[in-house]
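Visitor: the amino acid sequence is not available; the structure is as follows:
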């Protein structure tokens, strides 16, 4: 079986530590995209609840307002959790410039 590095210059071969860090970085970027997408969905739902609350208040439907506010509050808590997760991922795995090499620590 031919070696995967046979046609690569010696400087292009990643050390196992660098390969692991690259994999970790790629995973972090993937999860960051998922979390950001989830946060956008939560923002959208919060906006819908705010509109529904305004409509229910205008109609004098206090029972619906109460339930909608509880749902909006739960979404706000989800947004805060997502914000913390996003921030933690960004601190642990800073965004790299395209083509930037990882520094092995």
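Guide: The structure has been received and is ready for your questions. The structure displayed is predicted, hence computed values, not measured ones.

Visitor: low pLDDT regions in the chain?
Guide: Counting by pLDDT under 70, the chain contains low-confidence ranges at 1-17, 96-105.

Visitor: so residue 45 is in contact with residue 75, correct?
Guide: Yes. Taking contacts as CB atoms under 8 Å, residue 45 lies within contact range of residue 75: 5.3 Å. To be clear about C-beta, it is placed using only N, CA and C from the backbone, and glycine gets the same treatment.

Visitor: tally of neighbours for residue 42?
Guide: When neighbours are counted by other CB atoms under 10 Å, residue 42 registers 20.

Visitor: related to what we said a few turns ago, the more surrounded of residue 45 and residue 75?
Guide: residue 75 (19 against 16).

Visitor: so which strand or helix has the more buried one?
Guide: helix 62-92 (DSSP states H and E).

Visitor: tell me how far the most centrally placed residue in the chain lies from residue 28.
Guide: The C-alpha lying nearest the average C-alpha coordinate of the chain belongs to residue 35 (CA atoms, centre = their mean; 2.5 Å). Computed as CB to CB, to the nearest Å, the residue 35 to residue 28 distance reads 10 Å.

Visitor: still on that earlier bit, point me to the helix or strand that includes the residue nearest to the centre of the chain.
Guide: Residue-wise, residue 35 maps onto helix 16-59 under DSSP H and E.
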